[in-house]
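**Q** Sequence below, structure please.
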Amino acid sequence: MSRIGKQPISIPSGVEVRVDNTKVLVKGPLGQLEWSLYPGIHVQVENGVVSLTRSNDTMKLRAMHGLTRAEISNQIVGVKDGYQRDLEIMGVGYRAQIQGDALSFTVGYAHPVSLNLPQGVKATVDKQTFISLKGIDKRVVSQVAAQIRELKVPDVYKNKGIKYAGEVLRKKAGKAGKK
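**A** Numbers count the residues shown, from 1 in each chain. Got it, this is the predicted structure:
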């Protein structure tokens, strides 16, 4: 049995988990999320605990067993507390600003780069160099953070670019000249 998939998930107060034929609906104070079940994965909600089982031991079904358990657990945490991902912009003249539902970046290109935020993700910009993304769906918040970082990946020689808050970058020494 999957080591992750066999672990039960406790449901905190204020969160409701409901199973419809092929979907799991998770509803909490911050919103509602749903997850489509892979055929062969069965979910039971009893006494404030969610447990998952699978119909057989094929490799694909074992993988989906652990994935489904992790996703439902993430959704329970998301509708209860939410997720936050912070990014830092480093570099002279590099900055970000909010324009309606989009973020606009000036990160060393000849033109500003704009990124539309998906529904369910809210962004705040502090001091034009610190971006905070918040939402209830961990996958969406992390994907948007990855897309923002992809706009200007940190340079290992100059330490300029967009990085996750707390990410440690090692600056490489440049090419040494002859003497």
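**Q** now Leu103: how far from Pro39?
**A** 39 Å (Cβ to Cβ, to the nearest Å). Glycine gets a C-beta too; all of them are placed from N, C-alpha and C.
**Q** do Lys27 as well
**A** For Lys27 relative to Pro39 (Cβ to Cβ), the value is 24 Å.
**Q** who has more neighbours, those two?
**A** In this comparison of Lys27 against Pro39, neighbours counted by other Cβ atoms under 10 Å, the higher total goes to Lys27 at 16 against 8.
**Q** for the more buried one, what are its contacts?
**A** Under the criterion of Cβ atoms under 8 Å, 6 or more residues apart in numbering, the contact list for Lys27 reads 15-18, 79.
**Q** make it 10 Å
**A** 14-18, 33-34, 75, 79 (Cβ atoms under 10 Å, 6 or more residues apart in numbering).
**Q** Need the phi and psi values for it.
**A** Per-residue torsions, Lys27: phi -130, psi 130 (degrees, to the nearest 10).
**Q** What's opposite it in the beta bridge?
**A** When assigned by DSSP bridges, Lys27 has beta-bridge partners Glu16, Gln32.
**Q** what's the spacing between it and Glu46?
**A** If you measure Lys27 against Glu46 using Cβ to Cβ, the figure is 18 Å.
**Q** for Arg54, same thing?
**A** Using Cβ to Cβ, one gets 18 Å for the distance from Arg54 to Glu46.
**Q** same check, this time on Lys134
**A** Taking Cβ to Cβ as the criterion, Lys134 is separated from Glu46 by 32 Å.
**Q** Same question for Gly174.
**A** Look at Gly174 and Glu46: by Cβ to Cβ, they are 62 Å apart.
**Q** Specify which member of the contacts of Lys27 is nearest to Lys138.
**A** Gln75 (8.0 Å; Cβ to Cβ).
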